[in-house]
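1. here is a sequence with its predicted model. Questions after.
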Amino acid sequence: MYTERYDGGMAELEKGPQGRRRGGGARERILGAAQQLFRDQGINRTGMNQLCAAAEVSKGTAYQHFTGKDELVAEYLRRVDPDVMPAVFDRTDLTPRERLLAAVAGPPPGTQDITPLCPFIGAAVELPDPQHPATQYARDYKKAVAARLAETAREAGAANPEQLGEQLALLIDGASARTRVLNTESFPTAAAIAAVLIDNAIPATAQR
């Protein structure tokens, strides 16, 4: 489960890599086009010419904002979910156990025909170079999700919160991939498994 977002227009002017002044709107259009195209057709199938056309900017303008496609992909991933699932982990109306269950619940059933593949998994598959900046960021993000799950598991009283965090992270990624491949809703099954794992990991005294 993940959220996709990118901030809207920027009022201030900023400097590009060469120190030239530029309007913030072009950068946001490029990132918006990247978000849509990378999601719809993948990273490798999206060329800079197509991306610039969708953003209505010249290639020269694009390279003022980004040194190349590698930097653009990395920035796109940073914009997907910069705060690591705040809609789940930052909720104060849920108990820690309920937040763990919500993290694995996935999107509401029937909200879309095909759940998009987690963009971090997609980037890692399309960009196998472990030194690619996007691959490195995807790896860092997945570690951050597991860490937030472990932190919440610790709040819930889990005997081994790191282990439970890794188990739930694996369920989330597995459900995302299986939902995309089979075009079927796999998150309800993942949520049922998560409930068993959580109840087994948290002593009854802590749950009470």
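-> Structure's in. What do you need?
2. which stretches of the protein form helices?
-> 24-41, 48-55, 59-65, 69-80, 86-89, 96-105, 119-126, 133-156, 161-182, 187-201, 204-207 (DSSP state H).
3. show me where pLDDT drops low in this protein?
-> Within the chain, the segments meeting pLDDT under 70 span 1-24, 108-116, 205-208.
4. can the helices of the chain go into TSV with extra columns for mean neighbour count?
-> C-betas here are computed from N, CA, C, even on glycine. Formatted as TSV, those follow (neighbours: other C-beta atoms under 10 Å):
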stretch	mean neighbour count
helix 24-41	18
helix 48-55	16
helix 59-65	17
helix 69-80	20
helix 86-89	16
helix 96-105	21
helix 119-126	20
helix 133-156	19
helix 161-182	19
helix 187-201	16
helix 204-207	10
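5. any idea how far residue 72 is from the closest residue to residue 62 other than its chain neighbours?
-> Among residues not flanking residue 62 along the chain, residue 52 sits closest, at 5.3 Å (C-beta to C-beta, 6 or more residues apart in numbering). Distance, residue 52 to residue 72, using C-beta to C-beta, to the nearest Å: 11 Å.
6. ok, residue 99 next?
-> Distance from residue 99 to residue 72, by C-beta to C-beta: 33 Å.
7. measure the residue nearest to residue 62 to residue 36 for me?
-> In terms of C-beta to C-beta, residue 52 sits 14 Å off from residue 36.
8. now residue 91, nearest residue through space, not along the chain?
-> residue 99 (6.2 Å).
9. same check on residue 102?
-> Once flanking residues are discounted, residue 102 sits nearest to residue 88: 4.9 Å by C-beta to C-beta, 6+ apart.
10. that neighbour contacts residue 103, doesn't it?
-> Yes. The pair residue 88 / residue 103 is scored as a contact, 4.9 Å apart, by C-beta atoms under 8 Å.
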